[in-house]
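Student: Structure of the sequence below:
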Amino acid sequence: MEKRIRNFDDSSLYEDFEMLVKKILERNGFKVENMLQNEGYDFLAKIGNTATYVEVKLYKRKLPKLDLLRQAYRRLLAQKDDDYTKLVLVISSYVTPSLKAEILKESGVVVWDAKTLFALAFDFSILYYELESILTRAFNEQLDDLILIDDKFKSEIIPSLKNLSAPIKQKQIDNEGEKLCRELNSLQPGTKDATNYERKCTEILKYLFDNNTDLTLWEEQPTTEDGLHRFDLLCRIISSHHNTFWTELAHDFHTRYVLFEFKNYTEEIKQGQIYTTEKYLFLTALRSVSFMITRKGADANAIKAAKGALKEAGKLIIILTNEDICGMLKMKSEGDEPAIILREKIDEMLRTLTR
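Tutor: Sure thing, here's the model as predicted:
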């Protein structure tokens, strides 16, 4: 699996969590081997006669998004290549026992969540406190009952894995993300496919971001009250007590709405397109953030103009390319949070901003 370098405010969080999971497995008697980047899982873990493919996912919220969780365990099932190897999906969030049972019945994948990890790390104080530190950073809140350990549950984790039968065969998954990427790139640049490009980008955004937890409204081609400005797409951020990318964005940039602009240009966009989009952003209306999706990206002057809008007016304009969108689709297909790429883009702009 190709690994991305995440830069935002939690630069090493994902890598730290993955390495900590490896240490916890090893301290519990597993022999752990790192897999190559093109494998569909992170570790091969062996204990006794039991071999297990292990995939690790860090989610920055206590309860996982079900669509990402589903993608992750179905993708892990697609790696099953014999009748004996077990499958374990390790995630940082909490999963209810009933949902774990449903996933096991459907896919044969065992889910080890945050409570499982705390139980496995309980006898190893350094690992236990390192896990607590990482998850507190990830969730940005107290862990509460996640750290409460039941002795009976703790004693059954590894024996239940060893005794698990693995009758479910490998199942290939439909890669909707790959399909959407191909469809986006198949459109011709320029005015001929401009409308189709807008529609496809909107379809992709609705696939990437949940209407119940991320964005809502999805108002296409809205106009301002004076009728002078028309946006491509306006979304409302869903208020949530969970630590999500959109919640952070709303808090950090004092916005309630997010504007999306779609530019199917044959060349990089120029600074004029940035200035036009900047006019659409209005801090008093809680509309201070825009993502511009462009086929070719932006030239140096456009990037300079976007940074100027942030420095001088507090308006955040992030430029995304087709490549970025396809990267987000790939991440969702693998059960990862696609907003990680948006975090990277924002981090890059903030880090390179000058007075």
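Student: What ranges does the stretch 1-150 of the chain have for its strands?
Tutor: Here the stretch 1-150 of the chain has its strands, by DSSP state E, counting those that start in this stretch, at 31-34, 43-47, 50-57, 86-91, 109-112.
Student: Run through who's touching the last one.
Tutor: Strand 109-112 is contacted by residues 73, 76-77, 86-91, 95, 99-100, 103-104, 120, 157, 161, 164 when judged by C-beta atoms under 8 Å, 6 or more residues apart in numbering. Where you see a C-beta, it was placed from the backbone N, CA and C, and this is true even at glycine.
Student: Direction included, what does it pair up with?
Tutor: Next to strand 109-112 in the sheet, as set by DSSP bridges, lie strand 86-91 (parallel).
Student: could you give the mean pLDDT of the partner strand?
Tutor: The predicted model gives strand 86-91 an average pLDDT of 97.
Student: Now do the strands in the stretch 251-355 of the chain.
Tutor: Assigned by DSSP E, counting those that start in this stretch, the strands in the stretch 251-355 of the chain fall at 257-263, 289-294, 316-321.
Student: quick one, what contacts E268?
Tutor: 294, 296-299, 302.
Student: go again using 7 Å as the cut-off
Tutor: Going by C-beta atoms under 7 Å, 6 or more residues apart in numbering, E268 touches 296-299.
Student: go on, Q172?
Tutor: Applying C-beta under 7 Å, 6+ apart, the residues near Q172 are A78.
Student: Could you confirm it falls within a helix?
Tutor: No: with DSSP: H, G, I helix; E, B strand; the rest coil as the criterion, Q172 is coil rather than part of a helix.
Student: Distance of it relative to L329?
Tutor: To L329, Q172 is 18 Å away according to C-beta to C-beta, to the nearest Å.
Student: the domain parsing of the protein - what is it?
Tutor: The record assigns the chain these domain ranges, following automatic domain parsing: 13-163, 176-352.
Student: measure the longest one end to end?
Tutor: What that stands for is domain 176-352. The first and last residues of domain 176-352 sit 35 Å apart, counting by C-alpha to C-alpha, to the nearest Å.
Student: Over to stretch 172-179?
Tutor: So stretch 172-179: terminal residues 15 Å apart, C-alpha to C-alpha.
Student: just to revisit the earlier point, would you mind finding the most buried of the strands of the stretch 251-355 of the chain?
Tutor: Neighbour counts (mean count of other C-beta atoms under 10 Å) averaged over each of the strands of the stretch 251-355 of the chain peak at strand 289-294, with a mean of 24.
Student: chain center to it, what's the gap?
Tutor: 18 Å (C-alpha atoms, centre = their mean, to the nearest Å).
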